[in-house]
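> With the input below, show me the fold.
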Amino acid sequence: MKLEAGTKELILLKSGEIALKGLNRGSFEDLMIKNCKRALRDVGNFKFYKAQSTIYAQPVGDCDMEEALDRLSRVFGIAALTRAAIAEKNFDSIQEAAAGYLEEELMAAATFKVAAKRSDKTFPMTSPEICRELGGWLLERFPHLKVDVENPDLLVVVEVRDFAAYVHGGQNPGAGGIPVGSSGRAMLLLSGGIDSPVAGVMMAKRGLAISAVHFYSPPYTSDRALLKVKALCEKMTRYCGTIPLHIVPFTEISEAIQSHCREDFGTIIMRRFMMRIAQDLALEDECSGLVTGESVGQVASQTMASLACTEAGLTLPVLRPVIGMDKEEIITISRKIDTFETSIQPFDDCCTVFTPRHPKTKPRLEEVRAEEQKLDFEVLVQRAIAGTTKERLSPR
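Next up is the predicted model:
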């Protein structure tokens with residue numbers, strides 16, 4: 001795409017679910033705009049305004065439009081987006097904008113189709129007339145082209161709206177969902193694996209702002225394992241925005257479980273400690289729930305009996321967005337959000353380091369609690385929380 005002298009450009013953002021929010025729609029749109037501004041804070045200055053189910057992001061001065069489009073494609077709440085040329089609301093301006101702005105695409109294409117949407121009914125031409133006349137004019141201007149209304153190489157779109165006419169080469173899919181922060185906040189138990197980053201981003205798509213907690217056990221887990229988790233968290237921020245990351249020392253608890261509890265109950269008791277600590281930290285961060293990357297049957301600690309024991313005694317709800325997915329489905333999403341390659345780096349977290357040889361797959365809660373009585377549970381929880389450090393990770 002290029003701009004002829006005097007032609008202006010902006011980004012059109014189309015919302016999806018937000019359109020169904022009735023009287024609350026305006027507040028959802030305002031929050032999405034706030035998130036867009038935050039995503040573009042170091043790309044350039046953009047003016048935002050909204051009309052007719054569309055949000056307009058107009059650059060003020062020099063801006064990197066490709067980078068802006070890329071970042072906005074990861075802002076939840078946006079169903080589709082596109083760069084577009086701004087033309088005056090007359091047919092001559094629309095023709096010149098289409099030929100000038102889309103010249104490279106038109107020269108590279110063999111076939112094309114024109115689609116028009118006339119929201120401003122005072123415009124003298126109907127949508128079919130715009131398509132017919134602009135299509136014929138482009139055929140004269142670019143004689144190598146042919147019209148293909150079924151499967152064109154290039155879709156030339158004209159939108160005649162209240163403020164101006166907008167010309168573009170079709171929409172790109174957005175991230176969908178609803179704006180981050182519109183559903184409150186939740187605490188993600190973030191390991192160094194594949195599943196938990198996917199779970200966090202999936203809940204951000206449903207409007208949850210994300211805090212995260214990671215448990216590390218030096219010297220059993222390395223500094224590189226901790227750096228890996230921070231790298232994962234940074235990648236998540238491109239979708240979730242700034243994430244407060246709580247780093248909990250877990251060595252004392254891990255050693256106490258190993259020393260005093262039956263080995264086959266070790267994973268379940270460890271997970272119960274993690275959930276309890278995560279809940280206490282969640283309440284400090286004003287979170288309304290916990291998020292995990294657990295998937296039924298994936299490992300011994302994720303059988304139905306184990307999950308029931310893990311969350312017994314908690315007061316906050318536990319959200320498990322990948323609970324019914326198999327590993328390949330989760331991996332597909334992790335590749336899409338660019339966390340997969342970081343997740344598979346070979347640095348173990350404490351969950352893998354302390355996995356028993358023969359873990360209990362059908363634990364009973366009374367048995368688990370009997371094993372826990374061998375430990376000073378509350379003291380160990382409070383010591384771990386006291387030693388917790390907190391960082392705020394933001395998109396780079």
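> What's the local residue count around the residue nearest to residue 247 when sequence neighbours are not counted?
Nearest residue to residue 247, sequence neighbours excluded (Cβ to Cβ, 6 or more residues apart in numbering): residue 389, at 4.9 Å. For glycine as for every other residue, the C-beta is placed from the backbone atoms N, C-alpha and C. Using other Cβ atoms under 10 Å, the number of residues around residue 389 comes to 9.
> again, but for residue 223
Residues lying near residue 223 (other Cβ under 10 Å) number 11.
> List the contacts of the most far-flung residue of the chain relative to its centre.
No residue in the chain sits farther from the centre than residue 140, which is 44.0 Å out by Cα atoms, centre = their mean. By Cβ atoms under 8 Å, 6 or more residues apart in numbering, the contact list for residue 140 is empty.
> Can you say which helix or strand has it in it?
Element membership for residue 140 (DSSP states H and E) is helix 127-141.
> same question, residue 71
Here residue 71 is assigned to helix 65-72, by DSSP H and E.
> And the contacts of that helix?
Contacts for helix 65-72 (Cβ under 8 Å, 6+ apart): 9, 11, 13, 36, 39-40, 43-44, 46, 57, 59, 78, 81-83, 172, 174, 238.
> go again using 7 Å as the cut-off
9, 11, 13, 36, 39-40, 43-44, 57, 59, 78, 81, 83 (Cβ atoms under 7 Å, 6 or more residues apart in numbering).
> can you pull the buried residues of the helix holding residue 140?
Buried positions in helix 127-141, judged by neighbour count with 16 or more other Cβ atoms under 10 Å: 127, 130-131, 133-135, 137-138.
> Going by neighbour count, list what's buried in stretch 217-230.
Buried residues in stretch 217-230, counted by 16+ other Cβ under 10 Å: 217, 220-221, 225-226, 228-230.
> burial measure for the closest residue to residue 89 other than its chain neighbours, as a count.
Of all residues not flanking residue 89 in the chain, residue 165 sits nearest, at 5.1 Å (Cβ to Cβ, 6+ apart). Residue 165 has 25 neighbours, counted by other Cβ under 10 Å.
> tell me the SS of residue 158?
strand (DSSP: H, G, I helix; E, B strand; the rest coil).
> starting at the chain centroid, how far to the helix holding residue 71?
Centre-to-centre, helix 65-72 and its host chain are 15 Å apart (Cα atoms, centre = their mean, to the nearest Å).
> Next SSE downstream of that helix?
Past helix 65-72, the next helix or strand by DSSP H and E is strand 78-87.
> list the helices and strands that following strand packs on?
Packing partners of strand 78-87 (3 or more Cβ pairs under 7 Å, 6 or more residues apart in numbering; DSSP states H and E): strand 8-15, helix 65-72, helix 91-101, strand 165-168, strand 172-173.
> how about these, which one is nearest residue 242?
Closest to residue 242 of those, according to Cβ to Cβ: helix 65-72, at 14.4 Å.
> show me what contacts residue 297?
Going by Cβ under 7 Å, 6+ apart, the list of residues near residue 297 reads residue 303.
> Where does residue 268 sit, in terms of helix or strand?
When elements are assigned from DSSP H and E, residue 268 belongs to helix 266-284.
> List of residues touching that helix?
With Cβ under 7 Å, 6+ apart, helix 266-284 has contacts from 187, 189, 211, 213, 215, 246, 248, 253-254, 257-258, 261, 290, 300-301, 306, 309-311, 314-316, 354-356, 359-360, 363, 368, 371-372, 381, 384-385, 388.
> Could you give me the buried positions within stretch 184-203?
The neighbour-count check on stretch 184-203 (16+ other Cβ under 10 Å) flags 185-203 as buried.
> ok, the contacts of helix 65-72 vs residue 90, which is closest?
Lowest distance from residue 90 to the contacts of helix 65-72 (Cβ to Cβ) belongs to residue 9, with 18.6 Å.
> So that closest one sits against residue 97, correct?
No: assessed by Cβ atoms under 7 Å, residue 9 is found out of contact with residue 97, at 9.9 Å.
> Neighbour count: these two, which is higher?
Under the neighbour definition other Cβ under 10 Å, residue 9 and residue 97 were set side by side, and residue 97 has more, 26 against 20.
> I figured that one hits residue 87, correct?
Yes: counting by Cβ under 7 Å, residue 87 is a contact partner of residue 97 at 3.8 Å.
> Looking at the record's assignment, how would you partition this protein?
Split into domains by automatic domain parsing, the chain comes to 8-173, 185-393.
> which residues sit in contact with residue 365?
Going by Cβ under 7 Å, 6+ apart, residue 365 touches 309, 312.
> Which residue, other than its chain neighbours, is closest to residue 149?
Distance criterion Cβ to Cβ, 6+ apart; nearest residue to residue 149, sequence neighbours excluded, is residue 113 at 5.2 Å.
> Look at the one you found and give its secondary structure.
Residue 113 carries the three-state label strand when classified by three-state DSSP.
> how many neighbours does it have?
When neighbours are defined as other Cβ under 10 Å, residue 113 has 18 of them.
> partner residues bridging it?
residue 155 (DSSP bridges).
> Quick one: residues contacting residue 29.
Residue 29 sits next to 15, 18, 50, 55 when contact means Cβ under 7 Å, 6+ apart.
> what would these look like in CSV with neighbour count, distance to residue 108 and pLDDT?
Converted to CSV, those look like this (neighbours: other Cβ atoms under 10 Å; distance: Cβ to Cβ, whole Å; pLDDT from 0 to 100):
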residue, neighbour count, distance to residue 108, pLDDT
15, 24, 31, 89
18, 24, 35, 87
50, 16, 33, 88
55, 22, 30, 94
